[in-house]
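> Have a look; sequence and predicted model below, questions after that.
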Amino acid sequence: MLSKQRIPGLAGVSRTLLRMRELSVIAVVVVLLLYFGVSNSAFFSSSNLGNIANFTSAAAIIAAGEVFLLVCGEIDLSTGMTFALIPFVMMSVNDHGVPMFFAVIIALLVAAVIGVFNGLVSQLLKLPSFITTLGTLYLLHGITLKVSNNFPRPAPQDGFLMKILGVGEWTEIIWAVLLVTLMQVILTQTRWGVHTIATGANTLGASEAGISTQWVKIRAFMIASTFAGFAGILDGTHISHSFDPNAGGNDLMFEAVAACVIGGTALIGGSGTVVGALFGALLLAVLQDGFNIQGVSATTFIMIEGIAILIAMVLNTQLGRLRRGVKEG
Amino acid sequence: MEFNEAGPAASRRALLRGSALAGGGVAAALALAACGSGSSSAAAASGTGNFPATPKFKFVFVNHVTTNPFFQATQYGIQDACALVNCSYQWVGSETSDVSQMVTAMNTAITSGADGIAVALVDQTAFNAPTTAALAKNIPVVSYNADVTTNARLTYVGQDLYAAGQQMGQKIASLFPSGGDIAIFIATPGSLNIQPRADGAAAALKASGKNFTVKQVTTGADVNPEQSAIDAFTQGNKSFKGLFAVDAGSTQGIANVMRKYNLKSQGYHGGGFDLLVPTEQAISDGILDFTIDQSAYLQGFLPVLYLYLYKLSGTLVSPPFTDTGLKFVTKDLVAAYLKTQNRFEGSAAKQLYLH
């Protein structure tokens, strides 16, 4: 947060920038963009940027919810499975004659209920959220397979509602940016956000100060699940025009959590940034897309992706140290 | 029948009585037979069709990708066959081609006394010991979908993964008579259910003698990023005009990407495996060249029948090697697939008479 300077001079600007928690991840993304842009002329084409946007969006939307959970010291491992389930809930409800608009609302409500379930079980039964959501993960996966008869189905494409829910060309990334901005504002500017941070930084102190920490956490679980379900609807509608019971899953959940951590949210809780998570998701997307466009061969690809993530994180932490050095100095 | 010593008249009466009895017996037998399968005699009270009563056999199917939609059709086949012969089944294994999980599942089936086992042999050696152990306990074992000839299984039902890839490679070679740059998209390199297909295709292209450059491209196991990966590759590697895949998700991705950029009109050819709806639609619209149907339904249906007959006949009816066929579904054949969603392709659970 800015302290004294109101109209910073040039030196002041760079100091301010360096104080930004998100700077390190943004810097790494810029480096990667330059590297891949130079290596391949098609990298900055509109269609490739569209691909990068597609790679980023699902993880970014889920990450927007997971940040809240990570900040208050919890985690939701089942978001990848909620991602796959909610589109099928939406389609089932629609199959029974409910207009699509209400089907979407009902499906998102179901997602919120999943979040409430995760929250209640972990908070009231005092189970670590890691364990609770691990159980929910398998439960939801099984339910998805049953509800979908273990077979993908086409996503609806017609109508204005579906246009804004994914059919339109840049809709998915626009939703991602909107939701990230919204959650960043909530986290940093509202009382609820402050309570979330306080709950994560010092749960005992926060509850002694009168914050209902259990409800703060349950709300965070609700956000994470709802965002995951929404991302599932957007992603299937936008990219493959089809809902798949095996879409998303644990890989996507790990990607979202990795995006949060790469972006500067601490795994142990107490601090976080949603904008950072967006750039974290962007970083992973640029890596994935960049290597694809280079045509890196299949077996080498996975190895290189792992090394690249490690290098990106090392750069990230070193820049972070530099940033803290400037802040203190 | 009485034998009357009384003389010609009496014996004629006896003969007539005998014939009447015999005729009545024949008529009664015909009448019974005419009743059909519904009226089983008391001795065959719980048998199905013409078959006598047996205990309700339980067959365990061990699979390498239990949640893959390709095998949904297989499961429907198993269910329908089990209903026919009054058996039950269990579908176990690994979601992620984890051989250890599959071996554990198979061993559990053996110790819990399964009546028959069908296993996808996706590893050269891992299943050999469990198969021998099962056979030693008089549990018949057949393989389906993937086979290993050094395994002691009674027979194989399916199509060879490597051979399927080779056939695809030959098809690709025919689409590019003067060679070219070919991309083979694979969701998860090294996975035992799809890597052999890619290897077979690459080998066939090499053996064609034409100038082919083959690149294997990873797409990932998640269908949406898969499509984005294919999209990115085609945009950055415009010389690769052959886009082929060895798994359902990547094939669908190719279909959607070729549609998006209208690649067919730019001299591209595309194709792959399995019957997801966008894939079938693209073939019907002339965008994708072909997909490959491997009769997933039969790979479930036939093993159940074979195992049942083997058990019923006390090993007399030996299951035969069965090639379930590999069908190239091109534009002229795809209409039947698109007509209705059905159990045979795994796209719908409803029982339908398609005609």
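Thanks, I have it.
> Show the contacting residues for the nearest residue to A:Ile262 once chain neighbours are set aside.
In space, and not counting its chain neighbours, A:Ile262 is closest to A:Gly280: 3.6 Å by C-beta to C-beta, 6 or more residues apart in numbering or on different chains. Backbone N, C-alpha and C define where each C-beta goes, glycine included. With contact set as C-beta atoms under 8 Å, 6 or more residues apart in numbering or on different chains, A:Gly280 has these partners: A:Val25, A:Ala63, A:Ala258, A:Ala259, A:Cys260, A:Val261, A:Ile262, A:Gly263, A:Gly264.
> In which helix or strand does A:Gly280 reside?
helix A:274-294 (DSSP states H and E).
> On the C-terminal side of that helix, identify the next helix or strand.
Using DSSP H and E, the helix or strand that follows helix A:274-294 towards the C-terminus is helix A:298-328.
> Run the chain-centre distance for that next one.
19 Å (C-alpha atoms, centre = their mean, to the nearest Å).
> What of stretch B:185-205?
With C-alpha atoms, centre = their mean, you get 19 Å for stretch B:185-205.
> Spatially nearest residue to the residue of the stretch 101-250 of chain B found nearest chain A, not counting backbone neighbours?
Residue of the stretch 101-250 of chain B nearest chain A, by C-beta to the nearest C-beta: B:Gly236 (3.2 Å). Using C-beta to C-beta, 6+ apart and skipping the chain neighbours, the partner closest in space to B:Gly236 is A:Ile293 (3.2 Å).
> Check B:Val122 too.
The shortest distance from B:Val122 to any non-neighbouring residue, by C-beta to C-beta, 6+ apart, is to B:Leu192 (3.7 Å).
> who's in contact with that neighbour?
The contact partners of B:Leu192, taken as C-beta under 8 Å, 6+ apart, are B:His64, B:Ser97, B:Val99, B:Val122, B:Asp123, B:Ala146.
> can you list the residues of the stretch 1-150 of chain B near chain A?
Listed as neighbours of chain A in the stretch 1-150 of chain B under the rule C-beta under 8 Å from any C-beta of the partner chain: B:Thr67, B:Asn68, B:Pro69, B:Gln72, B:Gln75.
> Make sure A:His241 is actually in contact with B:Ala255.
No: assessed by C-beta atoms under 8 Å, A:His241 is found out of contact with B:Ala255, at 10.4 Å.
> How about A:Val261: what's its closest non-neighbour residue?
Closest residue to A:Val261 apart from its sequence neighbours, by C-beta to C-beta, 6+ apart: A:Leu267 at 5.9 Å.
> A:Gly276 too?
Once flanking residues are discounted, A:Gly276 sits nearest to A:Gly263: 2.9 Å by C-beta to C-beta, 6+ apart.
> OK, contacts around the one residue in chain A that gets nearest to chain B?
Chain B sits closest to A:Ile293 of chain A, with a gap of 3.2 Å, by C-beta to the nearest C-beta. Applying C-beta under 8 Å, 6+ apart, we find A:Ile293 in contact with A:Phe36, A:Asn40, A:Ala42, A:Phe43, A:Asn48, B:Ala232, B:Phe233, B:Gln235, B:Gly236, B:Asn237.
> Which of these ranks first by neighbour count?
B:Ala232 (30 neighbours; other C-beta atoms under 10 Å in any protein chain shown).
> need the contact list for that one.
B:Ala232 is in contact with A:Asn48, A:Asn51, A:Asp289, A:Asn292, A:Ile293, counting by C-beta under 8 Å, 6+ apart.
> let's see it at 10 Å
Shown in contact with B:Ala232 (C-beta atoms under 10 Å, 6 or more residues apart in numbering or on different chains): A:40, A:42-43, A:47-48, A:50-52, A:54-55, A:288-295, B:217, B:257.
> PyMOL command for the buried members of those residues?
Selection of the buried residues among the contacts of B:Ala232 in PyMOL, burial being defined by 16 or more other C-beta atoms under 10 Å in any protein chain shown:
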select buried, (chain A and resi 40+42+43+48+50+51+52+54+55+288+289+290+291+292+293+294+295) or (chain B and resi 217+257)
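> Could I get the pLDDT score of the residue positioned nearest the centre of chain A?
Nearest to the mean C-alpha position of chain A, counting by C-alpha atoms, centre = their mean, stands A:Ala63 at 1.7 Å. For A:Ala63, the model assigns a pLDDT of 96.
> Over to A:Ala27?
On the pLDDT scale, A:Ala27 gets 87.
> now B:Arg17
With respect to pLDDT, B:Arg17 scores 61.
> how about A:Ile61, what does it touch?
Residues near A:Ile61 by C-beta under 10 Å, 6+ apart: A:79, A:83, A:172-173, A:175-180, A:183, A:227-232, A:234-235, A:256, A:277-278, A:281.
> Without its sequence neighbours, what residue ends up closest to it?
Distances taken as C-beta to C-beta, 6+ apart put A:Ala231 closest to A:Ile61, at 4.0 Å, once the chain neighbours are dropped.
> May I see the buried residues of stretch B:302-317?
For stretch B:302-317, burial by neighbour count (16+ other C-beta under 10 Å) applies to B:Leu302, B:Pro303, B:Val304, B:Leu305, B:Tyr306, B:Leu307, B:Tyr308, B:Leu309, B:Tyr310, B:Lys311, B:Leu312.
> which one of these sits closest to A:Ala112?
B:Val304 (43.1 Å; C-beta to C-beta).
> mind listing the strands for chain B?
Assigned by DSSP state E, chain B shows strands spanning B:58-63, B:88-93, B:116-119, B:141-144, B:156-158, B:180-186, B:212-218, B:240-245, B:269-273, B:290-293, B:322-323, B:327-329.
> Also chain A?
A:153-154, A:242-243.
> Let me know which of those is tucked in deepest.
When you average the neighbours per residue for each of the strands of chain A (mean count of other C-beta atoms under 10 Å in any protein chain shown), strand A:242-243 leads with a mean of 24.
> How far away from the center of its chain is stretch A:139-157?
22 Å.
> Same question for it: list its buried residues.
Quick answer for stretch A:139-157 (16+ other C-beta under 10 Å): A:140-141, A:143-145, A:148-153, A:155-156.
> In PDB, list the C-alpha atoms belonging to it.
Below are the C-alpha coordinates for stretch A:139-157, written out as PDB (Å, rounded to 0.1, in the frame of the first residue of the first chain):
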ATOM      1  CA  LEU A 139     -17.400 -37.900  -4.300                       C
ATOM      2  CA  LEU A 140     -18.000 -35.200  -6.900                       C
ATOM      3  CA  HIS A 141     -16.000 -37.100  -9.500                       C
ATOM      4  CA  GLY A 142     -18.200 -40.100  -9.000                       C
ATOM      5  CA  ILE A 143     -21.400 -38.000  -9.100                       C
ATOM      6  CA  THR A 144     -20.300 -36.300 -12.300                       C
ATOM      7  CA  LEU A 145     -19.600 -39.700 -14.000                       C
ATOM      8  CA  LYS A 146     -23.100 -40.900 -13.000                       C
ATOM      9  CA  VAL A 147     -25.000 -37.700 -13.900                       C
ATOM     10  CA  SER A 148     -23.300 -37.600 -17.300                       C
ATOM     11  CA  ASN A 149     -23.400 -41.300 -18.000                       C
ATOM     12  CA  ASN A 150     -19.700 -41.100 -18.400                       C
ATOM     13  CA  PHE A 151     -20.000 -39.500 -21.900                       C
ATOM     14  CA  PRO A 152     -19.500 -35.900 -23.000                       C
ATOM     15  CA  ARG A 153     -22.300 -33.900 -24.400                       C
ATOM     16  CA  PRO A 154     -22.400 -30.900 -26.700                       C
ATOM     17  CA  ALA A 155     -22.600 -27.400 -25.100                       C
ATOM     18  CA  PRO A 156     -25.400 -25.200 -26.200                       C
ATOM     19  CA  GLN A 157     -24.200 -22.500 -28.500                       C
END
